[in-house]
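Asks: Here is my input, please return the structure:
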Amino acid sequence: MAYLVKHEGTAWLALLLATVGNSVGGAISVWLGRRLPRKETPARAAWLQRHGPWVLLLSWVPLVGDALCVAAGWLRWPWRKVWPALVAGKLLRYLAVIASVEAVI
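Replies: Reported below is the predicted structural model:
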């Protein structure tokens, strides 16, 4: 946020960099989840399977988002479904941050 206040007019660059960087971090968490051994799906993961990869729209939530990304990998959800949901969640977060900063400036 401080970057946006100090460098007005570069919100698009901040949006791009933050979204790409955070999305790559989320993808690494998914990749790490794929490395975990998978035996049985616990009952707690049933709601994830019910909602599917679009639950990753919540991947921006601190701590919870990382766990969702790891769970997506552990559940072996296909990348073609994981990636758009993951990026959309991160993008929406930073759009909200930029909108809130722009409202203050």
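Asks: For the residue nearest in space to the middle of the chain, list the residues it contacts.
Replies: In the chain, the centroid-proximal residue (CA atoms, centre = their mean) is residue 59; its distance is 3.4 Å. Residue 59 is in contact with 26, 65, 68, 69, 85, 86, 89, 90, counting by CB atoms under 8 Å, 6 or more residues apart in numbering. All C-beta spots, glycine's among them, are computed from the backbone N, C-alpha and C.
Asks: let's go with 7 Å and repeat that
Replies: Contacts of residue 59 were listed using CB atoms under 7 Å, 6 or more residues apart in numbering, and they are 26, 65, 68, 69, 86, 89, 90.
Asks: In terms of secondary structure, what does the helix or strand harbouring the first one contact?
Replies: Residue 26 belongs to helix 11-34 when elements are defined using DSSP states H and E. Helices and strands in packing contact with helix 11-34 are listed as helix 2-6, helix 64-74, helix 79-104; criterion 3 or more CB pairs under 7 Å, 6 or more residues apart in numbering; DSSP states H and E.
Asks: which ones are touching residue 69?
Replies: Contact partners of residue 69, counting by CB under 7 Å, 6+ apart, are 26, 29, 30, 33, 56, 59, 86.
Asks: quick one: average pLDDT of stretch 7-21?
Replies: On average, the pLDDT along stretch 7-21 is 87.
Asks: Show me which residues of stretch 25-44 are buried.
Replies: By neighbour count with 16 or more other CB atoms under 10 Å, stretch 25-44 contains the buried residues 26, 27, 29, 30, 33, 34.
Asks: Where does the prediction get shaky in the chain?
Replies: The model of the chain has pLDDT under 70 over residues 1, 104-105.
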